[in-house]
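K.L.:
give the three-dimensional model of this entry:
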Amino acid sequence: MPCVPNPPPCAPRDEDRESIRARLRAALRDRFGLSDFRPGQEDVLVRVMNGRNVLAIFPAGHGKSLLYQLPAALLPGLTIVFSPLVALMHEQQSILTRRYGIASISLTHVLREMNPSVFFSRLADVRRGQYKVVFLSPERLDDDRVMAILREQTVSLAVLDEAHCISTWGHDFRPHYRRLLRFIGEVRPAVVLALTATAPPPVEADILRQIGGPAEVFRASPHLPNLRLHVIGVAGEGEKLACLARIIPRLKGNGIVYCGTHEECENVADFLNARGIGAAAYHAGLGPRRTELEQDFLLGRWKAVAATCALGMGINKRDLRFVIHYRLPGSPELYYQEIGRAGRDGERADAVLLFDPADRSLQEFFLRTTHAEPADYGTVFRVLDAATPKSPDAIAGMAGLARTLVEVIAENLVDAGLARRERIVEEGKFVAWGYCAAGAAPAPAAIEPFLAARRGRVQALGAMLHYGQAAACLMQYLCRYLGAPDTQPCGQCTHCRDYARHYDAYRAPMPEADAFLAARLPRLDACRWHDGGFALDFHAGTKVGEALSRTKYGRHEPPDWLLERAADCVREKFRGQAGHIVQALTFIPPAADRPLVQSLAETIAARAGIPCLALLARARPTDFQKDMRTRGEKQRNTRGAFALRPDAPAPPGTLLLLDDIYDSGWTLREAARVIRERFPSCRIHIFTLTRTHHNDDY
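P.N.:
Numbering: from 1, shown residues only. Below is the predicted model:
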């Protein structure tokens, strides 16, 4: 695998280079137990040991970690490794300390939250110079105590792992990543080493610009010769599930099915298990269970794990045999990173993209919630003032924007020098923002890097769509996108081997998949006041959602099939299962001119064979929830909006609370609170006809 550097700004002296090579090879053999370097590694290490800044773009499994592990053992001062991957930091720290005898510590939020005394004890050891390597997440830049101690140290090497994250061209990892460069400017390490698996030419140029000063680039070929790439065109969830059920049993070993949402992971895992294919779901919403699932994944307990992108980052399973993408990724570089987790042992592996052009809508949704429009910057900027620092929640409410987007905008304004962030009084939480610049809106030049990042994301999504529709070699397409224009066709992908003519059998209709989807209802999460429940379907792009919109906003009568389907759902989900047998149905009290919910409740209750109770009344006027843009606004709009009717009967022990649409959940939560505070022994389940996806739910 060739690895070619750009022309160095100042080549090391030949005698220095040879002596350094000898030291490196001795350390490789004696400390790391390896006989030889992989292509390109030695050249990078010679430059690092000679005090030259380096950007190394090596594919997954090509040994990027050794590029800082070996210098850390030889250089006199401290090596600081910045990484966004907590799992990888803990793994690397353990390997360095236990296997190679290089004292290292991982100062992450996990250690500080779980055992603060140990965290600060180890921080004191850093001050005393007892560690050779310190691993940090970018968020540690907010910890003044950690940063002060690191500024006291002599730093020989600063490592930017996943260096593409600092690029403003096309990545929105975490805003803190950009502040690393400021910190590096303060501690002035002897060498900066940037590492990444993917950096298309625009990203490479941006990384070099932000690192500042001369740096050499070493780019190994991104071609993965043991990976077979497949693109299977599909239309809708039914064809996707059918493909999974038919393809996975044909593939050797274990693999990952990458999904777009938490609920999608659960659904895919449940469907595969129902088809006799051992599967588990993995996503960030699982909390502490994730650690156990990660270990089971590494041990190969399941044939497939249906996961969000949270799985695989920093987890090294070398014998992973396949990666399937159930949803379209947002960019070719993200796709390349995820498929690169398969076949790291060098054996044959498969990467399959189930390509539905309609999936671009989910990526466009993510784009809207992470990359602001120019007008959004002006809106947030005008909310800030010098006298009253504001929390992200307060800004979101005043600006009418999602909190997630507000946090990104506010961080960007701080980085642009247009705002300041108040001192954090509780670890990991922003508590105030202050305004420190004059003018009604930020200057266009100040926010141009962030707008450029947005344009880059749009272009990357377009390139991913082109990959799904490509008619030539898929590996060649990825390699050329990633900066290797001379790559030859791989000879084994969908187009090189003309596999596409076999795909009709995979996506052919499968009654079991259609039946699964018909019976699979969107879940409504439980809270303190109710036990959760179900919706008939999602609101956007579904037959149920279209029928409800015509009924609700067009003032049409609800179709009989919708009423009967709702009654069937109540009978099946809430009347026929132990522990879910509701004894009566109640409803969100309608506004004076909109009796739809009460009418639906009475009809559904009658068809389901349970009494309908009018328990709640409007305590005050409210605005329409659909006009509220953030969860905070929706919560304020519903707080105190309901009261028990004076003539309300005591409800039975188990009650079903109905509304037409589930959006943020605050309406049902507030109504359930009113009932439970008066009747604390009453258990409440909830049911709606549709459920929306809300910005703050991702």
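K.L.:
assumed Leu658 was part of a strand.
P.N.:
Yes. Judged by DSSP: H, G, I helix; E, B strand; the rest coil, Leu658 forms part of a strand.
K.L.:
going forward, count from 121.
P.N.:
I'll keep to 121 as the first residue from here, and by that count the last item is Leu778.
K.L.:
in three-state terms, label Thr607 for me.
P.N.:
Classified using three-state DSSP, Thr607 is coil.
K.L.:
that one: how many residues sit nearby?
P.N.:
Thr607: 18 surrounding residues under other Cβ atoms under 10 Å. The way it works is simple: take the backbone N, C-alpha and C, and place the C-beta from them, glycine included.
K.L.:
cool, and Ala335?
P.N.:
Ala335: 20 neighbours (other Cβ under 10 Å).
K.L.:
now do the contacts for it.
P.N.:
For Ala335, the contact set (Cβ atoms under 8 Å, 6 or more residues apart in numbering) comprises Arg172, Asn173, Val174, Leu175, Val312, Ala314, Leu328.
K.L.:
I'd assumed Val702 was in contact with Ala725.
P.N.:
No. Taking contacts as Cβ atoms under 8 Å, Ala725 lies outside contact range of Val702: 10.0 Å.
K.L.:
which residues do those two both contact?
P.N.:
Val690.
K.L.:
okay, domains of the protein per the record?
P.N.:
Segmentation of the chain into domains, based on automatic domain parsing, reads 123-340, 347-484+581-633, 488-576, 641-817.
K.L.:
what distance separates the last one from the middle of the whole chain?
P.N.:
Averaging C-alpha coordinates over domain 641-817 and over its chain gives two centres that are 30 Å apart (Cα atoms, centre = their mean, to the nearest Å).
K.L.:
same thing with stretch 593-610?
P.N.:
27 Å.
K.L.:
can you give me the helices for the stretch 521-670 of the chain?
P.N.:
With helices called from DSSP state H, counting those that start in this stretch, the stretch 521-670 of the chain shows them at 523-535, 564-588, 594-601, 624-627, 631-639, 663-673.
K.L.:
packing partners of the longest one?
P.N.:
Contacting helix 564-588 under the criterion 3 or more Cβ pairs under 8 Å, 6 or more residues apart in numbering; DSSP states H and E are the following elements: strand 347-353, helix 452-459, strand 469-475, helix 480-490, helix 494-503, helix 523-535, helix 594-601.
K.L.:
same thing but at 7 Å, please
P.N.:
Judged by 3 or more Cβ pairs under 7 Å, 6 or more residues apart in numbering; DSSP states H and E, helix 564-588 is in contact with helix 452-459, helix 480-490, helix 594-601.
K.L.:
likewise for the shortest one?
P.N.:
Contacts of helix 624-627 with other secondary structure elements, assessed using 3+ Cβ pairs under 7 Å, 6+ apart, are made with helix 357-367.
K.L.:
which parts of the stretch 221-370 of the chain are helices?
P.N.:
So, for the stretch 221-370 of the chain - with DSSP H, counting those that start in this stretch - the helices run 229-234, 236-247, 264-272, 296-307, 321-331, 357-367.
K.L.:
ok, and which of those has the densest surroundings?
P.N.:
helix 357-367 (a mean of 22; mean count of other Cβ atoms under 10 Å).
K.L.:
which element, helix or strand, includes Met518?
P.N.:
Secondary structure from DSSP states H and E places Met518 in helix 512-519.
K.L.:
packing partners for that helix?
P.N.:
By 3+ Cβ pairs under 7 Å, 6+ apart, helix 512-519 packs against helix 494-503, helix 523-535, helix 751-758.
K.L.:
would you mind finding the most buried of those helices?
P.N.:
helix 523-535 (a mean of 23).
K.L.:
most neighbours among the contacts of Ala335, which one?
P.N.:
In these, the most neighbours by other Cβ under 10 Å go to Ala314, 26 neighbours.
K.L.:
can you name the residues that contact it?
P.N.:
Leu175, Leu280, Ala283, Ile327, Ile331 (Cβ atoms under 7 Å, 6 or more residues apart in numbering).
K.L.:
looks to me like the first one is in a strand.
P.N.:
It refers to Leu175. Yes. Assignment of Leu175 by three-state DSSP places it within a strand.
K.L.:
tell me, what's the model's pLDDT at it?
P.N.:
With respect to pLDDT, Leu175 has a value of 94.
K.L.:
again with the fourth one
P.N.:
Looking at Ile327, its pLDDT stands at 84.
K.L.:
which residues of the stretch 571-720 of the chain score low on pLDDT?
P.N.:
For the stretch 571-720 of the chain, the stretches with pLDDT under 70 are 661, 696-700, 712-714.
K.L.:
contacts only, for Cys593.
P.N.:
Pro609, Cys610, Cys613, His615, Cys616.
K.L.:
what's the farthest-apart pair in these?
P.N.:
Comparing all pairs in these by Cβ to Cβ, the longest separation belongs to Cys610 and His615, at 9.5 Å.
K.L.:
now Glu384: which helix or strand?
P.N.:
Short version, using DSSP H and E: Glu384 is in helix 382-394.
K.L.:
what lies in contact with that helix?
P.N.:
Against helix 382-394 from outside (Cβ under 7 Å, 6+ apart): 361, 364, 377, 379, 399-403, 405, 424, 426-428, 446, 636, 640, 642-643.
K.L.:
same deal with stretch 684-701?
P.N.:
Leu641, Phe654, Leu656, Val702, Ile724, Arg727, Ala728, Thr774, Leu776, His805, Phe807, Leu809.
K.L.:
the first one: how many residues sit nearby?
P.N.:
In this case it means Leu641. Count around Leu641 with other Cβ under 10 Å applied: 17.
K.L.:
ok, it touching Gly653?
P.N.:
No. With contact defined as Cβ atoms under 7 Å, Leu641 and Gly653 do not form a contacting pair (9.0 Å).
K.L.:
now Arg158: how far from Arg151?
P.N.:
Distance of Arg158 to Arg151, given as Cβ to Cβ, to the nearest Å: 17 Å.
K.L.:
one step back: can you redo the helices and strands packed on helix 564-588 as CSV with distance to Arg648 and mean neighbour count?
P.N.:
Below are those laid out as CSV (distance: least, Cβ to Cβ, whole Å; neighbours: other Cβ atoms under 10 Å):
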stretch, distance to Arg648, mean neighbour count
helix 452-459, 37, 23
helix 480-490, 27, 16
helix 594-601, 48, 23
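K.L.:
of those, which is nearest Val794?
P.N.:
helix 480-490 (31.8 Å).
K.L.:
for Ala426, which non-adjacent residue is spatially closest?
P.N.:
Distances taken as Cβ to Cβ, 6 or more residues apart in numbering place Val388 nearest to Ala426, at 3.9 Å, with adjacent residues excluded.
K.L.:
thank you kindly, that will do.
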